[in-house]
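Student: sequence and predicted model, in that order:
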Amino acid sequence: MKALVYTAPHKVEVQDVPAPEGRSGAAKIKMHYCGVCGTDIGIFAGKHPRATAPLVLGHEFVGTIEEIQDGSGRFAPGDRVVAYPLLSCGECLACRTGHPHVCKSLKLIGIDQDGGMADHAWVDEDVLFKVPDGMTDKIAALVEPLAVVVRSLHQARFDVLDSTVVTGAGPIGVLTAIVLKHSGASRIVVSDIDQARLDVCKSLGLETVNVKDTNLVDYINETTNEEGVDIVFECSGAPSSAAEMTKICRIGGTICMTGIHKEARPVDLRDMNFKEQLLIGSRVYTKQEFEMSVAYAQTIAEDLEKVVTQIIPLSESEGIFDMIADPAVNTVKVLVDCQA
């Protein structure tokens, strides 16, 4: 079996690895596409605290079931599926109180066990969801990051006609803006330093600010009569965004931490006091939100198509992280074709 294996910091290899053994209640899946996530980039850099080499990467995948051992009857060979990749303990306070998606010892496929950047994998049947007929594999591969966004809108208590700023035009930021567009936001401003990514946003009809050239706080103040926007979705993980997010959010507004900052950041808590702002975190998604995202992806498929900027054959994927890091390549979302 061929797989993209993390072998050491800044090193991945396409290897022939032993095929995993089947197990009761699991399905053998022929992988089609697997998305590259910011988490995968962190693993490649050697910065993920749990991921240890050797590890088959990938938790955003779509494939076709080839075999099921002791199945429930919900699935059959030939079904296309995506997987809810969260692994919860079932015993901690979060799990006992109905919040297993933020389990104290939460683990993920592709981080704590081998993932989907391979030509085949065995996945437990109880985390699989059927891909609707008519949905392309490319769109299905975006279900997992789309679920991250659905969760963040729920956490932010987004309402129709809210005005918004999305800081960061990476995959999650662009997906956030797309969902806001289809959910009735009155205004969506996307900021970044990467003009190619902002151009993708423009092609989606979104308002953009290149913060290399324009001060975001000044821009929002000038265009809102110094009032700010209803909700800020912080998707960049950048220290500058953490410093500015309270400045561009209105009195009584909400800041949703969609992107995960890997270290402590300075935040102006005075603004939060005097403007009575709500700061809320968003980590992953519930199983229900993942299921909702499977169906929702098809309704916004035309815009989601523009998020995928490169598809790389598994056989040529050893340089994929260098490609993503190269500003001349202009990537947003990169998929691995697991059968090529």
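Tutor: Now that the structure is in, tell me what you want to look at. Note that the structure is predicted; figures quoted are calculated from it, not measured.
Student: the residue sitting furthest away from the middle of the chain: what secondary structure?
Tutor: Most distant from the centre of the chain: Asn225, at 33.4 Å, with distances by Cα atoms, centre = their mean. Secondary structure for Asn225, judged by DSSP: H, G, I helix; E, B strand; the rest coil, is coil.
Student: could you pull up phi and psi at it?
Tutor: Main-chain torsions, Asn225, degrees, to the nearest 10: phi 60, psi 40.
Student: mean confidence for stretch 136-143?
Tutor: Per-residue pLDDT over stretch 136-143 has a mean of 98.
Student: where along the stretch 201-340 of the chain do the helices fall?
Tutor: 216-223, 239-248, 269-274, 287-299, 301-304, 320-325 (DSSP state H, counting those that start in this stretch).
Student: out of those, deepest packed?
Tutor: Ranked by mean neighbour count, those are led by helix 239-248 with a mean of 20 (mean count of other Cβ atoms under 10 Å). Where C-beta positions appear, they are placed from N, C-alpha and C, glycine not excepted.
Student: which residues touch that helix?
Tutor: Helix 239-248 has contacts (Cβ atoms under 8 Å, 6 or more residues apart in numbering) with 165, 167-168, 191, 211, 216-217, 220-221, 228-229, 232, 234, 255, 261, 265-268, 271-272, 275, 277.
Student: just the buried residues of those.
Tutor: Buried by 16 or more other Cβ atoms under 10 Å: 165, 167-168, 191, 211, 216-217, 220, 228-229, 232, 234, 255, 267, 271-272, 275, 277, out of these.
Student: distance of the residue positioned nearest the centre of the chain relative to Val284?
Tutor: In the chain, the residue lying closest to the centroid (Cα atoms, centre = their mean) is Pro145, at 3.0 Å. From Pro145 across to Val284, the span is 10 Å (Cβ to Cβ, to the nearest Å).
Student: shaky segments in the chain?
Tutor: Within the chain, no stretch falls below the threshold (pLDDT under 70).
Student: ok, now which ones touch Ala147?
Tutor: Contacts of Ala147 by Cβ under 8 Å, 6+ apart are 284-285, 289-290, 292-293.
Student: thinking again about what came up before, which of the contacts of helix 239-248 fall within strands?
Tutor: Per DSSP state E, strands hold the following members of the contacts of helix 239-248: 165, 167, 191, 229, 232, 234, 255.
Student: from those, pick the one nearest Ala8.
Tutor: Nearest to Ala8, judged by Cβ to Cβ, of the ones in strands among the contacts of helix 239-248 is Glu234 at 31.8 Å.
Student: if the closest one is in a bridge, with which residues?
Tutor: Applying DSSP bridges to Glu234 gives these bridge partners: Thr167, Met257.
Student: state the distance from Gly319 to Ile172.
Tutor: Distance from Gly319 to Ile172, by Cβ to Cβ: 23 Å.
Student: okay, those two: which has more neighbours?
Tutor: Between Gly319 and Ile172, counted using other Cβ atoms under 10 Å, the more crowded position is Ile172 (25 against 11).
Student: who touches the more buried one in this structure?
Tutor: Contacts for Ile172 (Cβ under 8 Å, 6+ apart) come out as 38, 145, 148-149, 235, 258-259.
Student: returning to that earlier point: reformat the helices of the stretch 201-340 of the chain as a markdown table; add distance to Leu128.
Tutor: Formatted as a markdown table, the helices of the stretch 201-340 of the chain follow (distance: least, Cβ to Cβ, whole Å):
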| stretch | distance to Leu128 |
| --- | --- |
| helix 216-223 | 41 |
| helix 239-248 | 36 |
| helix 269-274 | 41 |
| helix 287-299 | 10 |
| helix 301-304 | 21 |
| helix 320-325 | 26 |
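Student: among those helices, which is nearest Ser24?
Tutor: Across these, Ser24 has its closest neighbour in helix 287-299 (21.2 Å, Cβ to Cβ).
Student: for the closest one, name the packing helices and strands.
Tutor: strand 128-130, helix 137-140, helix 143-155 (3 or more Cβ pairs under 8 Å, 6 or more residues apart in numbering; DSSP states H and E).
Student: closest to Lys2 out of the ones you listed?
Tutor: Of all these, helix 137-140 comes closest under Cβ to Cβ, at 18.1 Å.
Student: CA atoms only: put the closest one into PDB for me.
Tutor: Provided in PDB are the C-alpha atoms of helix 137-140 (Å, rounded to 0.1, in the frame of the first residue of the first chain):
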ATOM      1  CA  ASP A 137     -15.100  13.800  -4.800                       C
ATOM      2  CA  LYS A 138     -13.400  17.200  -4.800                       C
ATOM      3  CA  ILE A 139     -16.300  18.800  -3.000                       C
ATOM      4  CA  ALA A 140     -16.700  15.800  -0.600                       C
END
